[in-house]
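Engineer: sequence and predicted structure are below.
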Amino acid sequence: MSSAARTNPPKVVKSVHGIGVACGLAAGVWLGAAEAPTKLVNSGLSPYAISLCMVAGVFTARWTIPTLLKGTRQVFADLSEHRHLIPVAILAGMLWAVANTLTVFAIRDVGLAIAFPLWNTNSLVGILWGRLLFGELKGASRVNIVKVVLGATAIVAAAVMLGFSTIHGSGAHNRAVGGVLAAIGASLLWGTMYIPYRKAYISGMNPLSFVTVFTIGELGTMLTLVLALDGGTKAAVFHSGETRHLLFWLFLGGFVWVIGDLFQQFATKYLGIGRGIPLSNTNQMWGLAWGALVFGELAHADAHHRLLVVIGSLVMICGALAVTTAVATEQENSSMREALVRECARYDLDYDRVMKSYAGQSPAMAVERRAWWDYVILACAVGVFIWLGRNAEVPALSMNLAWVAALTAILLASAGAGGWLLWKSTKFS
């Protein structure tokens, strides 16, 4: 084992932790906003059609943003070096697509402000997988273990509280139960999806490269679901002119989701599953803001159920923060390095190179001129937005436009701050 495998200076650990925390917070803001367009389910589109349209936006964004930041030559070079991870990334995309479809059912049945906290129990699932498969928390201090355990317990308690808050009134009982089950199913799938994330990043793969392959699994799975369960080639999403004006907003929702997910990918890389995912799950706060402030979802709720929603949301956020303030000790970092050693031995990777990449210090690559097709990809993405935007109409939903403007300003500020920190510290490595 090289000397780098035996040492990991505290300065590097602290720097990586800070970057991960910043990315997790930015992810929460963007992931919270991304689900707002799925409110269009009230306009008559099926959940499968909504998810497919969002995934189309996701597909475009997952190719456009890496091309913009790195260029396809660097992306393809990274994929070539980590060919063994391509099937893993496709599998992760398949899990994401099914989970995203379940969230649309959940939003339809119980509302955005309620569904968000329920599927955010994926952080608890992620903590379990991180401990079992990657040795996270192995060697952690008692204080850190207590923070993680109590934080995870708070997340579960909050999910139960919010679940009960949706089941009231005899007429809506069955539908509310279905919405709760859909959100829980999304939680299980998304919690499992983080296994491929972590495996990729302890192998030294760049998140921007990972997501370009990830989206193949997403789009393929959604097309299969629509063809199998939503009318096949006769599905309304392929033929109905009445839905054309809605496509821009769903496409935009998928694009917004990708920005949040990229921040989440970097948070997972630098903090691990058990810490990075709970921090990104502060999207509960932002999802609640969009649902309650923009769409007025709690306007007709009685005081009891409003109290359950507020307390449950606060408990969940506090639980997530408790988990992510557990900064890894040197002994725990040693366990992480052991996982890197095993991964390098399994796939014959260079440990020093992987360790530098894991810490955001990838060896400098030769600066290559962008390929002509990079500009074609970017132009096509802009063209799709213009084409869809020409037919877009403001949805016939009651929305508070002042809050839309305020929350959008927060979105842009968080992306600017998080992107600048990532570029300054790691050059998006």
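Structural biologist: That came through, no problem.
Engineer: OK, contacts around residue 60?
Structural biologist: Residue 60 sits next to 251, 254, 255, 381, 384 when contact means C-beta atoms under 8 Å, 6 or more residues apart in numbering. Where you see a C-beta, it was placed from the backbone N, CA and C, and this is true even at glycine.
Engineer: do a quick rundown of the strands in the chain.
Structural biologist: Under the criterion DSSP state E, the chain carries no strands.
Engineer: show me where it dips below the pLDDT cut-off.
Structural biologist: With pLDDT under 70 as the threshold, the chain has low-confidence stretches at 1-15, 38-45, 112-113, 116, 159-160, 162-175, 239-243, 362-368, 395.
Engineer: name the residue closest to the centre of it, please.
Structural biologist: By C-alpha atoms, centre = their mean, the chain has its centre lying nearest to residue 261, at 3.6 Å.
Engineer: and stretch 292-302, end to end?
Structural biologist: 14 Å (C-alpha to C-alpha, to the nearest Å).
Engineer: return the set of buried residues in that stretch.
Structural biologist: Within stretch 292-302, the residues that count as buried by 16 or more other C-beta atoms under 10 Å are 292, 293, 294, 295, 297, 298, 301.
Engineer: what's the most distant pair in the residues you listed?
Structural biologist: Spanning the widest gap among these are 294 and 301, at 15.8 Å by C-beta to C-beta.
Engineer: any idea which of the buried residues of stretch 292-302 is closest to residue 211?
Structural biologist: residue 294 (27.8 Å).
Engineer: now do the contacts for residue 72.
Structural biologist: Residues counted as contacts of residue 72 (C-beta under 8 Å, 6+ apart) are 66, 371, 373, 374, 377.
Engineer: for those, pick the one with the most neighbours.
Structural biologist: residue 66 (25 neighbours; other C-beta atoms under 10 Å).
Engineer: closest one to residue 93 out of the contacts of residue 72, please.
Structural biologist: Nearest to residue 93 among the contacts of residue 72, counting by C-beta to C-beta, is residue 66 at 14.5 Å.
Engineer: tell me which residues touch the nearest residue to that closest one once chain neighbours are set aside, please.
Structural biologist: Closest residue to residue 66 apart from its sequence neighbours, by C-beta to C-beta, 6 or more residues apart in numbering: residue 208 at 3.9 Å. Applying C-beta under 8 Å, 6+ apart, we find residue 208 in contact with 65, 66, 69, 70, 75, 262, 428.
Engineer: how about 7 Å then?
Structural biologist: For residue 208, the contacting residues are 66, 69, 70, 75, 428, by C-beta atoms under 7 Å, 6 or more residues apart in numbering.
Engineer: quick one: which two of those residues are the most distant?
Structural biologist: Greatest spatial distance among these (C-beta to C-beta): 75 and 428, at 11.1 Å.
Engineer: which of those two has more residues huddled nearby?
Structural biologist: A count of neighbours by other C-beta under 10 Å puts residue 75 above the other of residue 75 and residue 428, at 22 against 19.
Engineer: which ones are touching the more buried one?
Structural biologist: Residues near residue 75 by C-beta under 7 Å, 6+ apart: 66, 208, 209, 212.
Engineer: and with 6 Å instead?
Structural biologist: 66, 209, 212 (C-beta atoms under 6 Å, 6 or more residues apart in numbering).
Engineer: quick one: which of those residues is nearest residue 354?
Structural biologist: For these, the nearest to residue 354 is residue 209 (14.1 Å; C-beta to C-beta).
Engineer: hang on, isn't the closest one packed against residue 78?
Structural biologist: Yes. If you go by C-beta atoms under 6 Å, residue 209 and residue 78 touch, sitting 3.9 Å apart.
Engineer: quick check: the closest residue in space to residue 384 that isn't next to it in sequence vs residue 249, distance?
Structural biologist: Counting by C-beta to C-beta, 6+ apart, residue 384 lies nearest to residue 60, which is 6.1 Å off, once chain neighbours are set aside. In this view, residue 60 and residue 249 are 14 Å apart by C-beta to C-beta, to the nearest Å.
Engineer: again with residue 67
Structural biologist: Taking C-beta to C-beta, one finds residue 67 at 24 Å from residue 249.
Engineer: cool, and residue 415?
Structural biologist: Relative to residue 249, residue 415 is positioned 19 Å away (C-beta to C-beta).
Engineer: what do you get for residue 317?
Structural biologist: Separation of residue 317 from residue 249 (C-beta to C-beta): 28 Å.
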